[in-house]
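# okay, structure incoming, though there's no sequence with it:
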């Protein structure tokens, strides 16, 4: 992997994103609007709900939509012939994939920061120190790898960006319903326990309520999310390299 080429591609990718209003909305305005809506909904005393209790799921919820963004982006680039043009340049596949992963990690960090800042207006007060906050951000960055991988898998099996948008919900909806807000029951637990979003939300809940960062539950969640995310992104890269550029 060439560092100079990697950062040149990263710069190009970030510029392309900023020029696309739809992507900007999905990446930045969507988590902001989501936080505000959920903030008003869950901070209303009449509903008997707590925004602090829902916040961990909100962080994971915002990151999950990277799946759709990645799927759309790769499908667009394939339709426009960009990937084929890159294949006949000195640019290596590792440079291109690396720039995609880094750009989406940056986006996730910005999304989490937006959610975190806006959540303060709804009395979100995590009972942890700066190390806990940094660990929460790190966890979300690691989680973004699984979203990138699932986005690549979606792009591989999609013929167009429109199809990719619809198919991405195959991966988005289960994580939304069984890994973020909806209470887990004995019936849904077996489903939830195979989804990385469930472990992200569980770890964030423990961190924000002030549990020690060396708590076994947090370490297990972090290990699971790390392993699964790395495996998923590797699978996504290999599938897209083999089948997605045809």
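Structure's in. What do you need? Everything numeric in this text was worked out from a predicted model, so none of it was measured.
# which of the helices and strands in the chain ranks last by mean pLDDT?
Within the chain, no helix or strand scores below helix 82-87, which has a mean of 64 by mean pLDDT, DSSP states H and E.
# what is the following helix or strand past it packed up against?
Helices and strands here follow DSSP states H and E; after helix 82-87, the next one along the chain is helix 93-119. When contacts are defined as 3 or more C-beta pairs under 8 Å, 6 or more residues apart in numbering; DSSP states H and E, helix 93-119 packs onto helix 3-18, helix 30-42, helix 51-64, helix 66-79, helix 130-157. Every residue, glycine included, has its C-beta placed from N, CA and C.
# what residue lies at the spatial centre of this structure?
By C-alpha atoms, centre = their mean, the chain has its centre lying nearest to residue 63, at 3.1 Å.
# pLDDT wise, what is it at?
pLDDT, residue 63: 85.
# which residues does it contact?
Contact analysis of residue 63 by C-beta atoms under 8 Å, 6 or more residues apart in numbering lists 108, 111, 112, 140, 143, 144, 147, 200.
# ok, those residues vs residue 157, which is closest?
residue 147 (16.4 Å; C-beta to C-beta).
# now do the contacts for the closest residue to the closest one other than its chain neighbours.
Excluding the flanking residues, the one nearest residue 147 by C-beta to C-beta, 6 or more residues apart in numbering is residue 66, at 3.8 Å. Contacts for residue 66 (C-beta under 8 Å, 6+ apart) come out as 104, 107, 108, 144, 147, 148, 151.
# mind redoing it with 6 Å?
The contact partners of residue 66, by C-beta atoms under 6 Å, 6 or more residues apart in numbering, come to 104, 144, 147.
# next one, pLDDT for residue 15 please.
Per-residue pLDDT puts residue 15 at 75.
# give me the number of residues near it?
9 (other C-beta atoms under 10 Å).
# how close does it sit to residue 31?
Distance of residue 15 to residue 31, given as C-beta to C-beta, to the nearest Å: 21 Å.
# any stretches of this structure with poor pLDDT?
Counting by pLDDT under 70, the low-confidence segments of the chain come to 1-2, 5-6, 9, 17, 23, 43-49, 81-94, 244-246.
# lovely, talk soon.
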